[in-house]
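Trainee: Got a predicted model here, sequence first, then my questions.
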Amino acid sequence: MENSTITLLIRYFNILLTTIMAFLAINGAISIFGKKSSLNIFRGRVFILAFCVASLSAFVLETTYFNFQYYLKYFASGEFHTLEASPQDSTSKVILTSDGTLAEMIFKKNDSTALDSSLFSTSDSTLDGTSINKKDSATILGGIVFKDINRKVYSIFVEPVFDSSESIVMNLSYIDELGTNFYHLVLYKGLPRTHHISIQPCGNISELTIGFPDIHPGMAPIPVSQIAVNKQVPFYFSGLRLFVVSCLIFAVILLLNKKLREKTAYLLFEYKFDPANKKQNLVYTFSAGLLILFSFICAYTSVTENEPQAQQYNKYLVDALIAGRAHLEAGNPEKMLNAQRPYDLRWLDENGYERSVDWFGDWVYYKGKFYSYFGVVPALMLYVPYKMITGNYLSNHGGIFLFVAFSVVLMARLWRFLVKKYMPGTNFVFHLLSFFTLFFASGLFAPLRFTRFYSIVSAAGFMFVIAGILLLFESVKREKPDRSKLFFASMCLALAVGCRPNLLFVSLLVPVFLWKYRLWKQLPLIIIPYVMVAIPMGLYNLARFDSFFDFGVKYNMTNLNVGAHSLLDPIGKAINTFAVSVSYLFTMNSYSFFFPYVECIPQHHKLTLSALRFYDKGCGIINFPIVLCLFYFIKNIFRKQTRPKTFYISSAFLSVAAVLILLNSYLIGHSGRYTIDFAIFIIFPSLFCAYYWCNDGQACQYKQRLRQKTVYVFLTFSIFVGLFLFATSVTNDATPGSPQFYYYLQNSLSFIR
């Protein structure tokens, strides 16, 4: 999605949500004067009334605390702004201001250290001849400095002419009575509020400097139509911030009001899950739809890449499959035949092989041709049909969103099935919060934020795994296994292998589910789907790499040098595998009081005793505190009398997670995006343990209530962590997404300034 479109949608969304919150605030104001609210959704008039009062309080905060920059104007000493560049002095380039304050352009020096005044043009064209289309604008190279201001300054307004650029980096420094202060800022196109910079200096400012560090001698100067000092910051209502603050105040009201506290306690600890309850079903369906909408926003506000390397899967592979060939037609693979070390990327760069022209990173090279290493199943099932039907290429993030959307629906069905079968009498709030935890802790934040071809196969594999597990559960819910569902469960698990071969180990769940049946009678239903998928995959491998079982990992042109790593001694491999496995489990995030609150820490150079293979940013599963409930599982390993009903299923899930962690650690290394392979196999048992821990018959009612409160805290914090991982990056080479969208979240959710 284009940034201009994202900016427009943000503007409309903000207006709509602000209007809704204003309506609720008005209802809150009316209710304060004794009028009853007519809003009564799900017979929750008292809760709606409390939320309206919370909305009114949020508006009060919005007009005071969150817009304090607006009131700084009344403490300033006077406004002035730039007029035009003075042509009288070619060496100082004096800028005229509205009140005569001294302002000068910042010069860049050429090799002879002489000032190159020809770079500072005040005409309507830049150095490369492109038109600025801005009358009477002063084009500034490097920046501008205001001297001898000697007044109180609380705001600076910079109005650049963006042309084709989406953002401009700016440095701001000033000298006050305490010393020099420096800020690094970004001005965004379409978000005029970012052009107003509020500062709070100590006393008067004597000198103010505004610089543009991305401009160098020989480059076109940045056109700036005006710079104003002490210009009033416009008032701004953030609909998202109003909603979030209203929710926080609403929670406080629920805690302080005795009547509401009793009703809330009933909903939290006594209101049971009922599959036949239409209201509960509506809320659950709405929650799934909300997560799908959330996934859409994340996918389509992530960074879009259009270079050939990024189109390996959704374009070049699609063209190859439609044409009936295995290799990709791009680059200069014939030239690579002369390369002595074609899989050493540094050697290629140093010996005249041009990246993105002759070869592409993360493409597979074999015997003079390029191939795609990544599983072909998502391309055959989605990208190829889309191209044949529409004539267009489906984008990377478009396919990822579709796979995640289906995953949400399947996950909702699976969790509902598990609650009905294994958790009778559970609380509805636990059921709902657990569903959100499954989504936010499952690792989906990686493909939805890192929307490159790597993530297509991860999202598709996740979808097929969830579908396979759901069909497995449904196939054995009666005394005799449902043969059709068992067949399609095996088919889904086989297709997951066609996305990511390491997911083959998820198939270990099949014999666990069928342990009480005569397994040999079900073998044809299990084996046939795998054979149906394995034969085409093997033939595809044979056409590419002359081997039925070779997926091409040895020929992948990536920074992860497989050939070099194979030379490592067994002890080094064991140390690497152990260290990376521990990092997948126990790597802690960085937490702060500032947006985005939760950030993954880069893990490079943390280990010195081993030959690091791949050690990227990542979120250890321990950051989701719901996994602490697994201590209940450990406690009952040797107590057969108190083992929960899901003990053996949980054991199978945890075993699959352990195998996948070890396999990823050995073959690849550490990266946040691989959490999606194993996270659900840890989260599901954690939720099972949370339920049985809270409903342990050996505990008194007080302990059970205390455990329920603890579990709710664990679930809420797990959701919080996963939610804000969507706002940041989980891999070293990924960005949080659209800068406009990120700024809107930052401005709306940063409560401490």
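Mentor: Structure's in. What do you need? Numbers count the residues shown, from 1 in each chain.

Trainee: Tally up the residues packed near Gly203, please.
Mentor: Residues near Gly203, counting by other C-beta atoms under 10 Å, number 10. (C-beta placed from N, C-alpha, C; glycine too.)

Trainee: Could you find the closest non-adjacent residue to it?
Mentor: In space, and not counting its chain neighbours, Gly203 is closest to Glu177: 3.6 Å by C-beta to C-beta, 6 or more residues apart in numbering.

Trainee: what about that neighbour, which SS state?
Mentor: Secondary structure, DSSP: H, G, I helix; E, B strand; the rest coil: Glu177 is coil.

Trainee: residues near it, how many?
Mentor: A total of 10 residues lie near Glu177 under the criterion other C-beta under 10 Å.

Trainee: which residues touch it?
Mentor: 201-204 (C-beta atoms under 8 Å, 6 or more residues apart in numbering).

Trainee: per-residue confidence for it?
Mentor: Glu177 carries a pLDDT value of 90.

Trainee: Distance of it relative to Ala467?
Mentor: Glu177 sits 66 Å away from Ala467, going by C-beta to C-beta, to the nearest Å.

Trainee: quick one, strands of the stretch 51-200 of the chain?
Mentor: For the stretch 51-200 of the chain, the strands defined by DSSP state E, counting those that start in this stretch cover 80-85, 94-97, 102-105, 138-140, 143-151, 155-160, 167-175, 180-188, 196-198.

Trainee: The stretch 301-450 of the chain now?
Mentor: Under DSSP E, counting those that start in this stretch, the stretch 301-450 of the chain gives strands at 364-366, 369-371.

Trainee: could I get those strands as a markdown table with mean pLDDT, distance to Phe678 and mean neighbour count?
Mentor: What follows is the strands of the stretch 301-450 of the chain, written out as a markdown table (pLDDT from 0 to 100; distance: least, C-beta to C-beta, whole Å; neighbours: other C-beta atoms under 10 Å):
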| stretch | mean pLDDT | distance to Phe678 | mean neighbour count |
| --- | --- | --- | --- |
| strand 364-366 | 90 | 25 | 22 |
| strand 369-371 | 92 | 27 | 22 |
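
Trainee: just so I know, which of the ones you listed lies nearest Lys573?
Mentor: Lys573 sits nearest to strand 364-366 of all those, at 23.3 Å, using C-beta to C-beta.

Trainee: What is the burial count for the residue nearest to Arg483 when sequence neighbours are not counted?
Mentor: Leaving aside its sequence neighbours, Arg483 sits nearest to Leu525 (C-beta to C-beta, 6+ apart; 5.6 Å). As a burial measure, Leu525 scores 20 neighbours (other C-beta under 10 Å).

Trainee: helix or strand for Leu525, which one?
Mentor: Per DSSP states H and E, Leu525 falls inside helix 519-545.

Trainee: Distance from stretch 711-726 to the middle of the chain?
Mentor: 14 Å (C-alpha atoms, centre = their mean, to the nearest Å).

Trainee: ok, now stretch 496-503?
Mentor: Taking mean C-alpha positions (C-alpha atoms, centre = their mean), stretch 496-503 and its chain are 23 Å apart.

Trainee: Distance check, the closest residue to Asn541 other than its chain neighbours against Lys640.
Mentor: The shortest distance from Asn541 to any non-neighbouring residue, by C-beta to C-beta, 6+ apart, is to Asp550 (5.4 Å). Going from Asp550 to Lys640 by C-beta to C-beta gives 46 Å.

Trainee: Now which of the contacts of Glu177 would you call buried?
Mentor: For the contacts of Glu177, a neighbour count by 16 or more other C-beta atoms under 10 Å gives the buried set as Pro201.

Trainee: can you list the contacts of Glu177 in CSV and add secondary structure?
Mentor: Listed next are these as CSV, based on three-state DSSP:
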residue, secondary structure
Pro201, coil
Cys202, coil
Gly203, coil
Asn204, coil
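
Trainee: would you list every one of the helices in the stretch 401-550 of the chain?
Mentor: 428-441, 445-449, 453-475, 483-499, 509-513, 519-545 (DSSP state H, counting those that start in this stretch).

Trainee: how deep is the residue nearest to Lys369 when sequence neighbours are not counted tucked in, by neighbour count?
Mentor: Spatial nearest neighbour of Lys369, excluding adjacent residues (C-beta to C-beta, 6+ apart): His327 at 3.9 Å. Look at His327: counted by other C-beta under 10 Å, it has 20 neighbours.

Trainee: wait, what's in contact with His327?
Mentor: Residues in contact with His327 (C-beta under 8 Å, 6+ apart) are 320, 333, 369-371, 544.

Trainee: Would you confirm that Ile528 contacts Phe487?
Mentor: Yes - under the criterion of C-beta atoms under 8 Å, Ile528 makes contact with Phe487 at 7.3 Å.

Trainee: Looking at these two, which is more packed in?
Mentor: In this view Ile528 and Phe487 are compared by other C-beta under 10 Å, and Phe487 has more residues nearby, 18 against 14.

Trainee: Quick one: mean pLDDT for stretch 707-714?
Mentor: For stretch 707-714, mean pLDDT is 95.

Trainee: Now do the buried residues in that stretch.
Mentor: Going by 16+ other C-beta under 10 Å, stretch 707-714 has these buried residues: 707-708, 710-712, 714.

Trainee: Next: stretch 335-343.
Mentor: Neighbour counts over stretch 335-343 (16+ other C-beta under 10 Å) mark 336, 339, 342-343 as buried.

Trainee: of all the residues you listed, which comes closest to Phe68?
Mentor: Nearest to Phe68 among these, with distances taken as C-beta to C-beta, is Tyr343, at 57.2 Å.
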